[in-house]
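Visitor: task: produce atomic coordinates for the following.
(2 chains)
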There are 2 protein chains.
Amino acid sequence: MKAKVRILDIETGRFLAFISEEDAKNAKLHPGDLVKIETAKRTIYGDVVISKTINPGEIGVTKDILRSYTFSEGEVVNLVPSETPESVRYIRRKMNGQKLKKVEIEAIVKDIVNRKLRDIEISSFVTSLEINGLDMDEIAWLTTAMAETGDMLDIDRKPIMDVHSIGGVPGNKTNILVVPIVAAAGLTIPKTSSRAITSAAGTADVVEVLAPVTHSLDEIKRIVEKIGACLVWGGALNLAPADDLTIKAERALSIDPRGLMLASIMSKKYAMGSQYVLIDIPTGEGVKVEKVEDARSLAKDFIELGKRLGQYVETAITYGGQPIGHTVGPALEAKEALETIIEGKGPGSLVEKATGLAGILLEMGGVAPAGMGKKMAKEILESGKAYEKLKEIIEEQGGDPNIKPEDIPIGDKTYTFVAQTSGYITRIDNKAITAIARAAGAPEDKGAGIMLHVKVGEKVKERDPLFTVHAESGTRLDQAIIQARRMEPIRIEGMVLQRIGNI
Amino acid sequence: MKAKVRILDIETGRFLAFISEEDAKNAKLHPGDLVKIETAKRTIYGDVVISKTINPGEIGVTKDILRSYTFSEGEVVNLVPSETPESVRYIRRKMNGQKLKKVEIEAIVKDIVNRKLRDIEISSFVTSLEINGLDMDEIAWLTTAMAETGDMLDIDRKPIMDVHSIGGVPGNKTNILVVPIVAAAGLTIPKTSSRAITSAAGTADVVEVLAPVTHSLDEIKRIVEKIGACLVWGGALNLAPADDLTIKAERALSIDPRGLMLASIMSKKYAMGSQYVLIDIPTGEGVKVEKVEDARSLAKDFIELGKRLGQYVETAITYGGQPIGHTVGPALEAKEALETIIEGKGPGSLVEKATGLAGILLEMGGVAPAGMGKKMAKEILESGKAYEKLKEIIEEQGGDPNIKPEDIPIGDKTYTFVAQTSGYITRIDNKAITAIARAAGAPEDKGAGIMLHVKVGEKVKERDPLFTVHAESGTRLDQAIIQARRMEPIRIEGMVLQRIGNI
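Guide: Model prediction:
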């Protein structure tokens, strides 16, 4: 059936094809049926919606589709009921515990991207992976299939370095220091980051306080070939687009199958053309990988996967049992990172981690002798060369390179929690800190977040300030205070935890 | 957030809540987010759609929701972002291979029905069941939970019998004979049937040729308490409503986890208050349960499940390797069933199966001595008492009780396939027959279908007619002919199947 495109000002979170009752009847289509939407150039798929507001001969296309594909008002497309995707058979093979072939994995990924597979099939695939797993062959095939069904970058400035932190540690603004240090040493590092999904601030949210992070792949190529680095939002690019759809299912189910996690991370590095990749695996209470043994096993998998992809991968198992630095939330973190890079020094946990990771990258890239990377990274940070490089990045990405920490607006509705007793700080709860910062409005409200006045191991006296909540509105501040009172974000040794009474 | 309901003339196949951009921004809601829609009386869930056509303060509700729940234009509801459903944790427990508790299964089913769980979670549950299975405790809990989250019937006329055929055999109009025979013997049998999903005609599609099949539960109670039987469409009732949603996922994935199949069938019998249930399990090539061993194992499960539900269950393993009777398609089957019940005799496969099943029910219900059921069923059929009861059913359901077989309109576009060789019929392919009948327009076109002139074991001469395709339009007839030529619906022994040439 031929139909004229009508653009609908509607966002649904999925690909929907609105058609008239008359056309639905003639084509024997029912609400929710899968249809193929064909043009000369491409084929995508959508779910049928039957609407009285659509005229016969029209197909209403929502903004969700336009975000990925171009359609113009009045353009003629061919609408065909879709057969059951062949790739469903391969998903069933994984359900049955079989090893998939390369072509089967490629078919599944292709059908995820063009939306021939929908929530039901994607969720079944993800669930089957959670239960039956993938071996390293399958993970490598999945990784390249995910990269190759999206855009890929070809930067003419080698060697290309990359760094990725497995999530979960609040306040992790480390890469805002690592990237300028590495680029200042002459290496190329086209860093893409994500926004917060469940955290209080993703690296992209933090960088955005300093400069725009949404850039096209062409723009990124230009910037990186000019100055050797960028700090951009990966979500604006069409990198490994299947990932967004599998992540949607993983999040709804609160699962994170190992093979899919590896493929998700490495497919983006592969698409960016990265040759040397450093994976930072924080461990400790309240992060994704809590135990060091698990981190080691994961590290082994990353290295092995890298080999199959032709990438040299190293991993760093770092301490993630408490927030990094003293700030959590986009503006607070941007301010702390900027202060540290300007002064060439700052909170130990931030500087140590940043120069440690940068040092490994300098050694991997061959600009520092073995064992000398961290020292060199520290020198670059202290010399101001890292700050100069960050200014270049800010400028090329369209920000003000002369921005000062004090220019950054922080939420002015504040509340400070104080110690109820004297003692040593024995624990700062990552999950509680994140929950409080989010209740305060982070990451949407850039100025919202938490300033920590203490870190684990420090001694406090009764009434000493522990942390300050910043919010942009009184309502949000109140919500954060309620959240903080419900939890125990900071524990002081010697505190009576619970008094039960005489027994 | 309070919002006024606006009814949208849109059908989407899911529960969607249309809101304005402004409200979405204020409530921090994104397209696809789950929201709770609360009124004083009930809580349901929907996916957020952001639309320019909706005014701030309004919520657009689609017809999909109205089919299950009443909302009036302008009614004020409370719209709240939904937390992650607790039942997702129980789905994860099944993913991990654990046995679920009764309360956990109840929570999952409840959340499926009120749409708090969506395609992603339901598909994950179904996939986990396919991989990790359910034990008999879990199946029984699932069955009662599915029944109790829907409407239940309480008929004051005992004992209540029921019969169910596991699908897959084309031409299975058997129950149109079984139900009147059983009711004519004084037993109560409130039979609900489904429409065709992948077959050429469901029992409800066939009965509808004789009388309306869409009735309310109150109406069914009235009819059954008056005449002891009905032949209605179960889909019009709110019986075990979770089933439609799990079936959607099962169909998309082409899986049919054993525990879910048992619960799906038995939850509806439980909701109808059935005390004695006969399960017909056809076996043979091209049906759901191909092997007799599998049928036996399934039979054991049905009986065991019945015990836990307080139902007495028997099973009949029947031959389903070829179509039943000579007709496939709603009108053709209705005609054959009506002819057979009027004359008291007809095609062997139909009469033998119908009286066999009815006989078991007569013995189960205590109106026939052991071993005498089939004989009694045959007498009821031959005496015309079954026909009298069918007339009562047709009349009470609003049809014309005096309808004659020749009154039933059959598709008048026909094409007859003839034997290419002489020999014995060795196979009639169920799947091919179904595919051809569907290509001819069944079940939507009531008059479309197939008339078989031969059955397995019969002898034919070259040019003898094998089967006639009936369609309501020339286009459909052509499609059916193409489909028939592609397949080998009827095989004759001695036929050269494929000539390869000299080797």
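Visitor: for the residue in the stretch 201-350 of chain A positioned nearest to chain B, which non-adjacent residue is spatially closest?
Guide: Closest approach of the stretch 201-350 of chain A to chain B (C-beta to the nearest C-beta) occurs at A:A252, with a separation of 4.5 Å. Every C-beta, even on glycine, is put in place using the N, C-alpha and C of the backbone. Taking C-beta to C-beta, 6 or more residues apart in numbering or on different chains as the measure, A:A252 lies nearest to B:I120, with 4.5 Å between them; neighbours along the chain are not counted.
Visitor: ok, that neighbour touching A:I247?
Guide: No: shown here, B:I120 and A:I247 do not form a contact pair, counting by C-beta atoms under 8 Å, at 11.4 Å.
Visitor: neighbour count: these two, which is higher?
Guide: Legend: neighbour count by other C-beta atoms under 10 Å in any protein chain shown for B:I120 and A:I247, higher for B:I120 (24 against 17).
Visitor: helix or strand: which one has the more buried one?
Guide: Element membership for B:I120, per DSSP states H and E: helix B:119-132.
Visitor: from the chain's centroid, how far away is that helix?
Guide: Between the mean C-alpha location of helix B:119-132 and the chain-wide mean there is a distance of 21 Å, by C-alpha atoms, centre = their mean, to the nearest Å.
Visitor: show me what that helix is packed up against.
Guide: When contacts are defined as 3 or more C-beta pairs under 8 Å, 6 or more residues apart in numbering or on different chains; DSSP states H and E, helix B:119-132 sits against helix A:87-95, helix A:119-132, helix A:242-253, helix B:87-95, helix B:102-113, helix B:242-253, helix B:258-271.
Visitor: so where's the stretch 351-500 of chain A uncertain?
Guide: A:494-500 (pLDDT under 70).
Visitor: where does it get nearest to chain B, which residue?
Guide: Shortest the stretch 351-500 of chain A-to-chain B distance, computed as C-beta to the nearest C-beta: residue-wise this is A:E444, at 6.6 Å.
Visitor: picking that back up, number of residues surrounding the residue of the stretch 201-350 of chain A closest to chain B?
Guide: Applying other C-beta under 10 Å, I find that A:A252 has 21 neighbouring residues.
Visitor: quick one: pLDDT of it?
Guide: Looking at A:A252, its pLDDT stands at 93.
Visitor: A:G57 now?
Guide: Looking at A:G57, its pLDDT stands at 95.
Visitor: residue contacts, A:V182?
Guide: Under the criterion of C-beta atoms under 8 Å, 6 or more residues apart in numbering or on different chains, the contact partners of A:V182 comprise A:161, A:163, A:189, A:229, A:358, A:361-362, A:365.
Visitor: in TSV, list those residues along with neighbour count.
Guide: Formatted as TSV, these follow (neighbours: other C-beta atoms under 10 Å in any protein chain shown):
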residue	neighbour count
A:M161	30
A:V163	24
A:I189	30
A:A229	24
A:A358	35
A:L361	27
A:L362	27
A:G365	23
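Visitor: nearest to A:G398, of those residues?
Guide: When the contacts of A:V182 are compared for distance to A:G398, the smallest value, 15.0 Å, is given by A:A229; criterion: C-beta to C-beta.
Visitor: near chain B, from the contacts of A:V182?
Guide: Subset of the contacts of A:V182 in contact with chain B: empty, counting by C-beta under 8 Å from any C-beta of the partner chain.
Visitor: narrow these to those in helices?
Guide: Of the contacts of A:V182, the ones assigned to helices by DSSP state H are A:358, A:361-362.
Visitor: next one: phi and psi at A:V469?
Guide: Torsion angles at A:V469 (phi, psi; degrees, to the nearest 10) stand at phi -90, psi 130.
Visitor: ok, it - how many residues close by?
Guide: As a burial measure, the neighbour count of A:V469 was computed by other C-beta under 10 Å and equals 27.
Visitor: can you pull up the bridge partners for it?
Guide: A:V469 has these beta-bridge partners by DSSP bridges: A:Y415, A:I450.
Visitor: surely it and A:I481 touch.
Guide: Yes: using C-beta under 8 Å, A:V469 makes contact with A:I481 at a distance of 6.7 Å.
Visitor: the helix holding B:I120: what's the following helix or strand?
Guide: Later in the chain than helix B:119-132, the nearest helix or strand by DSSP H and E is helix B:136-148.
Visitor: flag every residue of the stretch 251-400 of chain A that's near chain B.
Guide: Counting by C-beta under 8 Å from any C-beta, the residues of the stretch 251-400 of chain A that sit close to chain B are A:252-255.
Visitor: which among these gets closest to B:K221?
Guide: Taking C-beta to C-beta as the measure, A:A252 is the one of these closest to B:K221, at 40.3 Å.
Visitor: gap between the closest one and A:P330?
Guide: With distances defined as C-beta to C-beta, to the nearest Å, the gap from A:A252 to A:P330 amounts to 26 Å.
Visitor: and A:A201, by the same measure?
Guide: Counting by C-beta to C-beta, the gap between A:A201 and A:P330 amounts to 5 Å.
Visitor: A:E219 now?
Guide: Summarising the geometry, the distance separating A:E219 from A:P330, computed by C-beta to C-beta, is 22 Å.
Visitor: more crowded one of the two?
Guide: Taking other C-beta under 10 Å, A:E219 and A:P330 do not tie; A:P330 has more neighbours (31 against 16).
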